[in-house]
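Student: Everything below, folded, please.
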Amino acid sequence: MRNYLDLGQVRVIAGKEFSDRIRNRWVLAVAIIFSLFALAIAYFGSAQQGSVGFKGVDVTIASLVSLVIYLVPLIALILGYDAIVGERERGSMDLLLSMPITRFEILLGKFLGLAAALAVSTALGFGAGLLPISGGVESKDLYHYAGFVLSATLMGMAFLSLSMLVSVVSTDRIRASGVAIGLWFFFVLIFDLLLTGALVLSDGSLGSGVFGALLMLNPADVFRLLNIFSSEQVQNMYGLATVMPDRLTSPAVLGAVMAAWIVVPFLIARWRFR
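Tutor: Numbers count the residues shown, from 1 in each chain. Modelled structure (predicted):
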């Protein structure tokens, strides 16, 4: 067995995963969904205030954040839950492992190919969604929106990494899909409810440092914080600005935490796959 990484093998596996998503129109379908939501929210996000129309990038991002937290993790988890266990059930994993390729190269290639498909669909979808109104947007707002799209992509990769771990440790696709959906429910729906309940039960004794650290345990919350503290206008729409310690609102710190959410589950999956 080789003890070095062959990038050519990784590129082949990644290219196959990406081209498969292109051929089955997965990338196109997700991009269309994202673009329709982005365009609808850009125009109708302020309808509950009695007005419609584009109100600015900050308002649009504030509205999109809640949608992305529900949609992107679900798509990422569905995308990767059968990447390994599916090959194992079909018998093609034995064929792959009989070739001069390591398990790490297989895992890394699959992750990079799926991550590329997710990144392309996210960038194309949210980019095309605001294309009709981009003429009236200043360059600094476009950079702000690009940062939002980048953070959404990183969050998707974090959940994709979790789904790869699920795929490695699961014995069949049915169990893998159940665990993937369970992770979505926990991180997107249950986690914040538990955290809010703990905050209420503590009667305010839960310090801001502890509260902020607990938020770091959820990649969806890290994504939310990245976009909340990117603009004062967005901060005013949320109530976290008064409870989050300054050291945990830095984009560099939050970006490092999100990177850890991408890398750590993948490393655990690599260890388990070996």
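Student: To what extent is Gly36 buried, counted in neighbours?
Tutor: Small correction: residue 36 is Leu, not Gly. A count of neighbours around Leu36, defined by other CB atoms under 10 Å, yields 13. C-betas here are computed from N, CA, C, even on glycine.
Student: secondary structure element for it?
Tutor: Under the criterion of DSSP states H and E, Leu36 resides in helix 26-44.
Student: just Glu89 next, same as before
Tutor: Of the helices and strands defined by DSSP H and E, Glu89 is found in helix 85-90.
Student: Buried residues in that helix, which are they?
Tutor: By neighbour count on 16 or more other CB atoms under 10 Å, the buried set for helix 85-90 is Val85, Gly86, Glu87, Arg88.
Student: ok and the helix or strand following the helix holding Leu36 relative to helix 26-44, angle-wise?
Tutor: Scanning forward in sequence from helix 26-44, with DSSP H and E defining helices and strands, the next element found is helix 57-80. For helix 57-80 against helix 26-44, the angle by axes from the mean of the first three to the mean of the last three CA atoms, to 10 degrees is 160 degrees.
Student: could you say what helices and strands the helix holding Glu89 packs with?
Tutor: Using 3 or more CB pairs under 8 Å, 6 or more residues apart in numbering; DSSP states H and E as the contact criterion, the secondary-structure elements in contact with helix 85-90 are helix 139-169, helix 173-184.
Student: any idea which of the ones you listed is most buried?
Tutor: Relative to the other members of those, helix 139-169 carries the highest mean neighbour count by mean count of other CB atoms under 10 Å, namely a mean of 22.
Student: could you give the angle of that one to helix 57-80?
Tutor: Orientation of helix 139-169 against helix 57-80 (the same axes, to 10 degrees) gives an angle of 20 degrees.
Student: Rank the helices and strands of the protein by mean pLDDT and give me the bottom one.
Tutor: Of all the helices and strands that make up the chain, helix 232-237 has the lowest average by mean pLDDT, DSSP states H and E, namely a mean of 55.
Student: How about residues contacting the following helix or strand past the helix holding Glu89?
Tutor: With elements assigned by DSSP H and E, the helix or strand that comes after helix 85-90 is helix 92-97. Counting by CB atoms under 8 Å, 6 or more residues apart in numbering, the neighbours of helix 92-97 from elsewhere in the structure are Ile84, Glu87, Arg103, Ile106.
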